[in-house]
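Visitor: need coordinates for the following:
(6 chains)
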Number of protein chains: 4
Amino acid sequence: MSSAASSPAPRRTGRPRSPEADRAILDATRAALVELGWGKLTMGDVAARAGVAKTTLYRRWAGKSELVVDAVAALFDEHLELPDRGSLQADIEGVVLQFAALLERPETKTALMAVVAESTRDDALRERIRGAIVDRQKRLVLLGRERAQARGELPGEEDPASAARNADLIFDVVAGSVVHRTLVSAEPVGPEWAREFAALLVAGLKNL
Amino acid sequence: MSSAASSPAPRRTGRPRSPEADRAILDATRAALVELGWGKLTMGDVAARAGVAKTTLYRRWAGKSELVVDAVAALFDEHLELPDRGSLQADIEGVVLQFAALLERPETKTALMAVVAESTRDDALRERIRGAIVDRQKRLVLLGRERAQARGELPGEEDPASAARNADLIFDVVAGSVVHRTLVSAEPVGPEWAREFAALLVAGLKNL
Amino acid sequence: MSSAASSPAPRRTGRPRSPEADRAILDATRAALVELGWGKLTMGDVAARAGVAKTTLYRRWAGKSELVVDAVAALFDEHLELPDRGSLQADIEGVVLQFAALLERPETKTALMAVVAESTRDDALRERIRGAIVDRQKRLVLLGRERAQARGELPGEEDPASAARNADLIFDVVAGSVVHRTLVSAEPVGPEWAREFAALLVAGLKNL
Amino acid sequence: MSSAASSPAPRRTGRPRSPEADRAILDATRAALVELGWGKLTMGDVAARAGVAKTTLYRRWAGKSELVVDAVAALFDEHLELPDRGSLQADIEGVVLQFAALLERPETKTALMAVVAESTRDDALRERIRGAIVDRQKRLVLLGRERAQARGELPGEEDPASAARNADLIFDVVAGSVVHRTLVSAEPVGPEWAREFAALLVAGLKNL
DNA sequence: AGCTAATCGAGACGGTACGTCGAGTCTTGGA
DNA sequence: TCCAAGACTCGACGTACCGTCTCGATTAGCT
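Guide: A predicted model of the protein is given here:
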C-alpha cells in the first residue's frame, strides 16, 4: 500500500517526506473518485483537496493510474474478508456479495476497469495492480479451500503445482464473473445471483 | 454496428455522407488502437489516418468511446462463432480459446476494458456496448446449450424465465473468467487453462 | 506591427485567424503591463484578459517577449513624432521629452529593457525589436537632420555612407542618453535636462 | 561589492559564515551567466555549481537580481579605469572602448539590462545597482574632466551644482550611447565608432 | 441547368489538464 | 549558528486534445 517500497538503504540526508501528505493524498483521491469518478479526476484536483502541491504527488506517484491503484487497494484490504459461514457454498456467497458491494462503490466502480485497461499497455502498472490488489486477495481463495477441505467438502490436494493452478482458476472465475455481471452486464449481484453462482461453482468443484 | 442509427426521417436533400469515409474511419480507428492503444488514441489522429476532417468524425460519432465501440464490435462479430465439436466440454473449450485470442489482439485488449470503464458513468454508452457487443454474443451461450440438450448432455429447461437467468449466468461466468484471466491476472489462456475451465463449468452444469 | 508578415501565398483553406483576437491580445498585453509590469505579466493572464485561449496566443507569438515587443511597438508609432519647432535645438528638446514621456509610461518602462536583455541571447527577438521599434524610429533622426539642413543649421552631407553612419550615431546618442537617464540613473528627464542635453548635442553637431 | 552589507550588530555566536562559500557562489554566478545567460540562470544551478546548498545563497542574497548585481559589479571595478592618453578626445575613446569590451562579455551583456529592467519596479534593487555600479563609475567622468581642465581643454567650473549636473549629463550620454549601440542597435563599438562618438562629444563640450 | 442544402478538408477557436520547472521556505541530521 | 540535502508550496510554463466553429469548395437530388 505504501508508495515507495522499503528501500534497503534508507536515505539519511535532506528533509524526509511527510507521511501526513501520503495519507492526505490517498484520502483525497478516494474522495475525488466518489465525487468525480475516474474520468474527471485530475491530479491538480487531488492535490488541491489534499492541501498539497502537485509536485508532491508526482514525487510519489508516476501518474493518475498508479495513484488510484494505491488508493483503491486499501479498500480491498479493508472490505474483503472470509467469515466462516459453515459451508463452502455459504462462504462463496458471502465473499461474492462482499466483492459485489465493493464494486458498487463509486470509488472502485470506474477506477478498477480503467486502471486494468491502462495496465494492458503498461507493464509497471500491471505489476503494481498485481502486487497491490490481485495477489493480496488470492488469500481468500486459499483460505476458503482450506476450510472446505477441513470440513471434508473438498478432497485434499496432492500435487502442489496443480493446487496453485486450481486456486488461480477459481480466483479468475469468481472475480471475473462478479466483475462481468456488475460492470459489463450491468446487472445487480443480489443474494439470488450469488446463490446461483455459488451453487454452480460448488457443483463444479465437488464433481471435478 | 451501423454508425448512424436509422433516422426516423432520412434526409433527402444535400450531399449524402460518404460511405467510404465510414469505412476509412473505422479502419483507421482499429489501426490506431493497434499502434497506440486506447489511451493514446486521439480523434485528431484517427481523422488524419483516415484522410478525413475531424468534423466528419463528429458528424457520425459522439466521441471516442462510441467510435471505438463500433470499431471493436465488428471484430467480435467476425471472430466469434460456435463450431460443433461434438461435446459441451469441447464446445466451451473452443469458444474460450476464440474469445481469448480476440482479447489478445491489441485492438481489443485495451479498448474493451476502457469503454466498459467509461460506460459505468455513461448510460448511453452502456446501452451501445450492450447492443453492439454483449447481447449479440449471448447467442453463443444459447446455441451451445441447445446443442448440449440435443445431445442429451443437459436436461431441457422447463421454466423459460429461469432458463434466461441461467444463460445470463453462464455468459457472465465464461466471459468474465476469460477476461479476468487475460487482462487482470495477465496470464495466457492456453489449451490447458481452457480445458480446466471447461471441465469445471461442465461439472457444475451437469450436477447443478 | 502585425505578427505574421505578409506571406506571398496567403493560405486559403481552414478557418482564418481572427483579427479581433489580435487586437484584443495586444490591448490586453498593454493593460497587463500597466497593472502588473513585465515581471508579473503571464501569458495565461493576457489570454484571460483578452477573452482568448492560451493556444491562440502561442499560435501568433512564440512567447512573452515577442508579444510584448509588438504590443509596445505600437506605442512608439503612436507617440513619437517630430513637430517642427523652428530650430534644431528645439526639435531635439521636443523629441527627447516625447521619448522620455514614453519611457515613463508603465507599459514601456520595464518592458523595453527586459526585451532588450532577452534579445542579447535570441537573434530572432533582436531582429524583431530592430524591425518593429528601432529602425522605424530612425526616421525621426533623418527627418530632423533634413530640416536642420533646410534651415541651414547643418551642412549638407556629401558621402551617403558617412551620412548613414552619422544618423546611426545620433540615434544611439539620443535614445541611449534618454534611456540611461530614465532607467539607469533613474532621474527625471525634465525640460531643463532636455535643454542641456540638446545644447550639448547641437554644439557638437555644429562644430564637428 | 561586499555580499553581506555591514550589519550594525555583527553576530558573535554560532558557526561563522564560510567566506569560501561567498567566493564560490559569486564565481559560480559569473560562470552560469556565461553559459546560460540571465534568463536561464537559476538559483538552484548556481548553488549546485558552487557546491553549496540553496539555503546558503538565500542566507546572503535576497534573490537572483541581488546576487547578479554583486557578481557583475566586481567586473566593472576590475575592468574600467581611465589611463591618461594625453587628450580629452583620446581619454573618452579609451573609456568607451573599455566599456564596450565589458558589455560584450557574456556575463554582463544580458545581466546588466535585465537587472536594470527589474530595478524599475524594485527600489531596493535600484539603490543596490546605483551603489554597486553606477555611482562607482562616475569617478571616471570626474577624473576625465579634471584632467581636461588641467590640460586647458575645458574651462574650470564656477558653480559646483551645475558642475555636478554636468557630470551626470556626460555620464548618461557616454554610458547610454555605448549601451544603446551595443545592446539595442546591436552593432559593434569599434575604434571608428569610438572616434566619431568622442569627436562629437568633445566638440559639444568645448562649444557649449 | 440551375438551386438548394448538407457534405467535405482544413484549421483556428475556447477550454481543461497535463507534467515540468523554478522560486523561495522549511525540516532534517550533522559539524 | 551554520551547513548540505532535499522535500515543501506556489505559480507559471508550453503542449496536447477536446469538441466546436468558420471558411471555401464539392456533390448530390429536386425543380
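Visitor: tell me the confidence at the nearest residue to A:His79 once chain neighbours are set aside?
Guide: If the residues on either side of it in the chain are set aside, A:His79 comes closest to A:Leu102, at 5.2 Å by CB to CB, 6 or more residues apart in numbering or on different chains. C-beta: built from backbone N, CA, C; applies to glycine. A:Leu102 is assigned 97 on the pLDDT scale.
Visitor: and for the host helix or strand of A:Leu102, what are the contacting residues?
Guide: For A:Leu102, the element it lies in under DSSP states H and E is helix A:88-104. If you take CB atoms under 8 Å, 6 or more residues apart in numbering or on different chains as the criterion, helix A:88-104 is touched by A:75-76, A:79-85, A:108-109, A:112, A:140, A:144, A:147-148, A:151, A:153-154, A:174-175, A:178-179, A:181-183, A:188-189, A:191, A:194-195, A:197-199, A:201-202, A:205.
Visitor: mind listing what's buried along the lengthiest helix in chain A?
Guide: For chain A, the helix reaching the highest residue count under DSSP state H is reported as helix A:19-40. For helix A:19-40, burial by neighbour count (16 or more other CB atoms under 10 Å in any protein chain shown) applies to A:21-22, A:24-26, A:28-33, A:36-38.
Visitor: before we move on, back to that, give the next helix or strand downstream of the helix holding A:Leu102.
Guide: Helices and strands here follow DSSP H and E; after helix A:88-104, the next one along the chain is helix A:106-119.
Visitor: C-alpha coordinates for that next one, PDB please?
Guide: Output of helix A:106-119 as PDB, limited to C-alpha atoms (Å, rounded to 0.1, in the frame of the first residue of the first chain):
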ATOM      1  CA  PRO A 106     -18.300   4.800  -6.700                       C
ATOM      2  CA  GLU A 107     -14.600   4.800  -5.800                       C
ATOM      3  CA  THR A 108     -14.000   1.400  -7.300                       C
ATOM      4  CA  LYS A 109     -16.600   1.100 -10.000                       C
ATOM      5  CA  THR A 110     -15.000   3.000 -12.800                       C
ATOM      6  CA  ALA A 111     -11.500   3.100 -11.400                       C
ATOM      7  CA  LEU A 112     -10.800  -0.600 -11.400                       C
ATOM      8  CA  MET A 113     -11.600  -1.200 -15.000                       C
ATOM      9  CA  ALA A 114      -9.900   1.900 -16.000                       C
ATOM     10  CA  VAL A 115      -6.600   1.000 -14.400                       C
ATOM     11  CA  VAL A 116      -6.800  -2.500 -15.800                       C
ATOM     12  CA  ALA A 117      -7.300  -1.000 -19.200                       C
ATOM     13  CA  GLU A 118      -4.300   1.100 -18.800                       C
ATOM     14  CA  SER A 119      -2.300  -1.800 -17.500                       C
END
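Visitor: pLDDT wise, what is the most centrally placed residue in chain A at?
Guide: Nearest to the geometric centre of chain A sits A:Ile133, at 3.9 Å (CA atoms, centre = their mean). Looking at A:Ile133, its pLDDT reads 96.
Visitor: three-state assignment of it?
Guide: helix (DSSP: H, G, I helix; E, B strand; the rest coil).
Visitor: for A:Val134, see how far away the nearest residue to it once chain neighbours are set aside is.
Guide: Distances taken as CB to CB, 6+ apart place A:Ala73 nearest to A:Ile133, at 5.0 Å, with adjacent residues excluded. Distance, A:Ala73 to A:Val134, using CB to CB, to the nearest Å: 10 Å.
Visitor: near DNA strand E, which residues of chain A?
Guide: A:12-16, A:40, A:42-45, A:54-55, A:58, A:63-64 (CB under 7 Å from any atom of the strand).
Visitor: among those, which pair sits farthest apart?
Guide: The two members of the residues of chain A next to DNA strand E with the most space between them (CB to CB) are A:Arg12 and A:Lys40, at 40.9 Å.
Visitor: state the mean pLDDT of the helix or strand A:Ala194 falls within.
Guide: Here A:Ala194 sits within helix A:191-206, counting by DSSP H and E. Computed over helix A:191-206, the mean pLDDT rounds to 98.
Visitor: what about whatever residue of chain A ends up closest to DNA strand F, neighbour count?
Guide: Nearest residue of chain A to DNA strand F, counting by CB to the nearest atom of the strand: A:Gly14, 2.0 Å away. Neighbours of A:Gly14 under the rule other CB atoms under 10 Å in any protein chain shown: 7.
Visitor: distance-wise, check it relative to chain C.
Guide: Between A:Gly14 and chain C the computed distance is 31 Å (CB to the nearest CB, to the nearest Å).
Visitor: what of A:Leu33?
Guide: 29 Å.
Visitor: can I assume that residue is in contact with A:Gly39?
Guide: No: between A:Leu33 and A:Gly39 there is no contact under CB atoms under 8 Å: 10.3 Å.
Visitor: what's the overlap in contacts for these two?
Guide: Residues within reach of A:Leu33 and of A:Gly39 at once, by CB under 8 Å, 6+ apart, are A:Thr110.
Visitor: contact residues of chain A facing chain C?
Guide: On the criterion CB under 8 Å from any CB of the partner chain, chain C has no neighbours in chain A.
Visitor: show me the shaky parts of chain A.
Guide: A:1-11 (pLDDT under 70).
Visitor: any idea whether the residue of it found nearest chain D is helix, strand or coil?
Guide: For chain A and chain D, the shortest gap (CB to the nearest CB) falls at A:Gly14, measuring 10.0 Å. What three-state DSSP gives for A:Gly14 is coil.
Visitor: could you measure from it over to B:Glu158?
Guide: Taking CB to CB, one finds A:Gly14 at 73 Å from B:Glu158.
Visitor: over to A:Trp61?
Guide: Distance, A:Trp61 to B:Glu158, using CB to CB: 55 Å.
Visitor: in terms of neighbours, single out the busier of those two.
Guide: The neighbour comparison of A:Trp61 against B:Glu158 (other CB under 10 Å) goes to A:Trp61, with 23 against 7.
Visitor: next, the contact list for the residue lying closest to that one once chain neighbours are set aside, please.
Guide: Leaving aside its chain neighbours, A:Trp61 sits nearest to A:Leu67 (4.2 Å; criterion: CB to CB, 6+ apart). Residues near A:Leu67 by CB under 8 Å, 6+ apart: A:Ile25, A:Leu26, A:Thr29, A:Met43, A:Val46, A:Leu57, A:Trp61.
Visitor: what's the neighbour count on the closest residue to A:Pro191 other than its chain neighbours?
Guide: Nearest non-adjacent residue to A:Pro191, counting by CB to CB, 6+ apart: A:Leu97, 7.0 Å away. A:Leu97: 18 surrounding residues under other CB under 10 Å.
Visitor: same check, this time on the one 5 residues further on
Guide: A total of 20 residues lie near A:Leu102 under the criterion other CB under 10 Å.
Visitor: now do it against DNA strand E, distance only.
Guide: Distance of A:Leu102 to DNA strand E, computed by CB to the nearest atom of the strand, to the nearest Å: 25 Å.
Visitor: same deal with A:Leu80?
Guide: Per CB to the nearest atom of the strand, A:Leu80 is found 29 Å from DNA strand E.
Visitor: next up, the contacts around that residue.
Guide: When contacts are counted by CB under 8 Å, 6+ apart, A:Leu80 touches A:Val95, A:Gln98, A:Phe99, A:Leu102, A:Gln137, A:Leu140.
Visitor: among these, give me the pair with the biggest separation.
Guide: Using CB to CB, the two most remote members of these are A:Leu102 and A:Leu140, lying 12.1 Å apart.
Visitor: how about stretch A:174-194: buried residues?
Guide: Counting neighbours by 16+ other CB under 10 Å, one finds that the buried residues in stretch A:174-194 are A:174-186, A:189, A:193-194.
Visitor: off-centre distance for that stretch?
Guide: Relative to its chain's centre, stretch A:174-194 lies at 16 Å (CA atoms, centre = their mean, to the nearest Å).
Visitor: ditto for stretch A:24-35
Guide: 17 Å.
Visitor: again with stretch A:140-147
Guide: Chain-centre distance of stretch A:140-147: 17 Å, with CA atoms, centre = their mean.
Visitor: next, see if it gets close to chain B.
Guide: No: remark: stretch A:140-147 sits outside contact range of chain B, by CB under 8 Å from any CB, the gap being at least 12.1 Å.
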